[in-house]
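In: any chance you can model this:
(2 chains)
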Amino acid sequence: MTAWRYLTEDDVGAAAGLAADEALMHAHARDRDTAPPVLRLYTYASHAALCGRYQHLEAEIDVDACARTGTAFNRRPTGGGAIVMGEGQLGVAVVTRAPSGDRPKSVLVRFSTGIVAGLARLGIDASFGGKNDLKVEGRKIAGLGLYLDGEGGLLFHASVLADLDVAFMLDVLDIPAAKLGERAVAAVNERVTTVSRETGEPWTGASLRDVIAQGFSDALGVMLEPSGPSGEERVRAERLAADKYASDEWLFHRSPHPDATATALLKTPAGLVRLYLALSGDVIKSALFAGDFNEIPAPLAAFEAGLKWQRLDAATLTGLAAVACPDGTLDVAPDAIVDLVLEAGDRALTRDRAAPARDGSCYFPENDVAAAVRAEVPR
Amino acid sequence: MAKLTVDGFVVRDDLAYDLEHHMWVEELGSGVVRIGMDALGLETSGTLAQLSFEPAEFDVDRGAAFGSLEAEKFVGPLIAPVSGRILAINEAALEHPGIVQADPYGAGWLIEVRAHRLDEERDRLLQGAEEIHSSFSAKIREYRVEGVLSE
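Out: Model prediction:
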């Protein structure tokens, strides 16, 4: 049985937590002797808002709300959308040498089996789904990310939702609850679940840790040997926290392709449907349909889930709609839903990008709903 | 230029490949090479959202990063298949990463490099129509078994 180093920590600061993961990668560079893989299961001090590697932090995270609530913010080395971390979420980091010849998806699936096995011990049937998520009956319970450095190190990241304060998340991730009120919370709850919700018992990231550790041991056939960071790793982590993760250059990095958001409306026989769309360049980073329905229809939910990471392209979207909602939804044809996406996308792409945009999270993009409604609702 | 289709993936048999990192190399003459990503590497990375390159005049070693990418499945380095000094970067690809996926062997090239050790490093690349076909075919089969590619 292969031995892995097993590190645990709680109440970690945002910069320190991210720096500690990156510091562990150095021992796995391809020009160094082989080192045992590392599993680090930890929680952040409540709370930290973390955006993805190439996102614009100020567009994803409401820094004023962070100041008001004492929430730290930072940028992950992994991609994807903004998340909140705190005592309710378990941070998972696997650090090892990037396996030669393996493609990213196989790495993501392999390491996610540890989380799946852990959740299964609680009777939760999670599986790899969506783009980079673990889902339970279509609802996200963990987000996954993968970062390969230029030296040969690999960092697998996951955020497991033991619990989640949705209203708080909507507050700090720049989604003004005042605009959509309870509907925003309900919309997130339709798409996200937690261990607490699935089991009916309260869980925290720390209380979930042993279960997930056992899951890794079972699924990957590894022996976890309790460990701590070496002296070199501590020094490296402190330097990374100060020089990189606390620097404005890292925090407020602007990528070549700014994120842009927009909404569009469609009047259907079943009522109004609003689409909230977030793009990175011409790639859809998040999409959410809301409207005059209590629960999103299954075909529309399937189409929405498939939109993430698609390019804003009519042929691509038409192909997706043909699979996800071949008979249409809400009494409209698939083409109408595709046109709605293209309309929102065109609006986002033509928006003045010099102006600060209010983006949403990986769960829920948001924009100027009122303006869209004024512009488009038939009178 | 001859394009082959190997199990649904287009490859050019006049290029040389670093199949581990899914990079291709085209010799432009006078020791200058153009570098790009192959279609199989792009497919297994997922949608490409962001690219960044080291600047012109940057010296890169074979096996080291000359840039980075954010794709659907990961954030990671672009690994140089040969050593050399960057002469040009494809600004169009930086601006519109979608062209890398739409035309990986043409308009979607990444950088041009004045190679430092081409004679020595060329032999470590995959070359020749037969070898390219058989190696890509084997790699595609491997990825399908792993579930990285759909059947």
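In: and the gap between the nearest residue to A:D133 once chain neighbours are set aside and A:K131?
Out: Ranked by CB to CB, 6 or more residues apart in numbering or on different chains and with sequence neighbours excluded, the top spatial neighbour of A:D133 is A:K140, at 4.7 Å. In short, each C-beta sits where N, CA and C put it, glycine included. Plainly put, A:K140 is 10 Å away from A:K131 if you go by CB to CB, to the nearest Å.
In: over to A:A321?
Out: 17 Å.
In: who has more neighbours out of these two?
Out: Neighbour count, other CB atoms under 10 Å in any protein chain shown: between A:A321 and A:K131, A:A321 has more, with 24 against 19.
In: neighbours of A:G70, just the number please.
Out: 9.
In: who's in contact with A:A344?
Out: A:262-264, A:275-277 (CB atoms under 8 Å, 6 or more residues apart in numbering or on different chains).
In: check the gap between it and A:S106 for me.
Out: 34 Å.
In: residue ranges for the strands of chain A, please.
Out: Ranges of strands within chain A are A:2-12, A:38-44, A:48-51, A:72-75, A:83-85, A:89-97, A:127-129, A:133-136, A:139-148, A:153-161, A:222-226, A:259-268, A:271-280, A:283-291, based on DSSP state E.
In: contacts for stretch A:95-111 next, please.
Out: Outside stretch A:95-111, the residues that touch it by CB under 8 Å, 6+ apart are A:21, A:24-25, A:28-30, A:34-35, A:37-38, A:40, A:94, A:128, A:132, A:144, A:146, A:148, A:152-156, A:158, A:220, B:20, B:44-46, B:71, B:73-74, B:76, B:142-143, B:146-148.
In: contact residues of chain B facing chain A?
Out: For chain B, the residues in contact with chain A (CB under 8 Å from any CB of the partner chain) are B:20, B:44-52, B:63-65, B:68, B:70-77, B:79, B:94-98, B:142-143, B:146-148.
In: please indicate which of these are buried?
Out: For the residues of chain B next to chain A, a burial check counting by 16 or more other CB atoms under 10 Å in any protein chain shown picks out B:44-51, B:63, B:65, B:68, B:70-77, B:79, B:94, B:96-98, B:143, B:146, B:148.
In: these in strands, which ones?
Out: Judged by DSSP E, these include B:48-51, B:65, B:68, B:70-71, B:75-77, B:79 as members of strands.
In: can you give me the helices in the chain?
Out: You didn't say which chain, so I picked chain A. A:14-25, A:57-60, A:63-69, A:104-120, A:166-172, A:177-191, A:195-199, A:205-220, A:231-240, A:248-251, A:298-307, A:314-324, A:334-350, A:369-376 (DSSP state H).
In: actually it's chain B I care about, not the one you picked
Out: Using DSSP H, helices in chain B cover B:39-45, B:91-95, B:98-102, B:118-122, B:129-146.
In: alpha carbons only: can I get the longest one in PDB?
Out: In other words, helix B:129-146. Only the C-alpha atoms of helix B:129-146 are listed here, as PDB (Å, rounded to 0.1, in the frame of the first residue of the first chain):
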ATOM      1  CA  ALA B 129       3.600   9.600 -41.500                       C
ATOM      2  CA  GLU B 130       3.700   6.000 -40.400                       C
ATOM      3  CA  GLU B 131       5.100   6.700 -37.000                       C
ATOM      4  CA  ILE B 132       2.800   9.600 -36.500                       C
ATOM      5  CA  HIS B 133      -0.200   7.600 -37.500                       C
ATOM      6  CA  SER B 134       0.600   4.600 -35.300                       C
ATOM      7  CA  SER B 135       1.500   6.700 -32.200                       C
ATOM      8  CA  PHE B 136      -1.500   8.900 -32.400                       C
ATOM      9  CA  SER B 137      -3.700   5.800 -32.900                       C
ATOM     10  CA  ALA B 138      -2.300   4.100 -29.900                       C
ATOM     11  CA  LYS B 139      -2.700   7.300 -27.800                       C
ATOM     12  CA  ILE B 140      -6.300   7.700 -28.800                       C
ATOM     13  CA  ARG B 141      -7.000   4.100 -27.900                       C
ATOM     14  CA  GLU B 142      -5.400   4.700 -24.500                       C
ATOM     15  CA  TYR B 143      -7.400   7.800 -23.900                       C
ATOM     16  CA  ARG B 144     -10.700   6.100 -24.800                       C
ATOM     17  CA  VAL B 145      -9.900   3.200 -22.400                       C
ATOM     18  CA  GLU B 146      -9.200   5.800 -19.700                       C
END
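In: buried residues, stretch A:265-285. List them.
Out: Buried residues in stretch A:265-285 (16+ other CB under 10 Å): A:265-266, A:268, A:272-285.
In: likewise stretch A:203-221?
Out: Here stretch A:203-221 shows A:203-209, A:211-213, A:215-217, A:219-220 as buried, counting by 16+ other CB under 10 Å.
In: farthest-apart pair in these, please.
Out: Largest separation among those by CB to CB: A:T204 and A:L220, giving 24.2 Å.
In: and the strands of chain A, which is most packed in?
Out: Using mean count of other CB atoms under 10 Å in any protein chain shown, the stretch among the strands of chain A with the largest mean neighbour count is strand A:48-51, at a mean of 27.
In: what residues does the stretch 101-250 of chain A have near chain B?
Out: Residues of the stretch 101-250 of chain A found near chain B (CB under 8 Å from any CB) are A:101-109, A:131-132, A:145-150.
In: buried members of those residues into PyMOL, please.
Out: Those of those that count as buried under 16+ other CB under 10 Å are selected in PyMOL with:
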select buried, chain A and resi 102+103+104+105+106+107+108+109+131+132+145+146+147+148+149+150
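In: OK, now which residue of the stretch 151-300 of chain A is nearest to chain B?
Out: In the stretch 151-300 of chain A, no residue comes nearer to chain B than A:V283, which is 4.4 Å away by CB to the nearest CB.
In: doesn't B:A49 make contact with that residue?
Out: Yes - A:V283 lies in contact with B:A49 (CB atoms under 8 Å); the separation is 4.4 Å.
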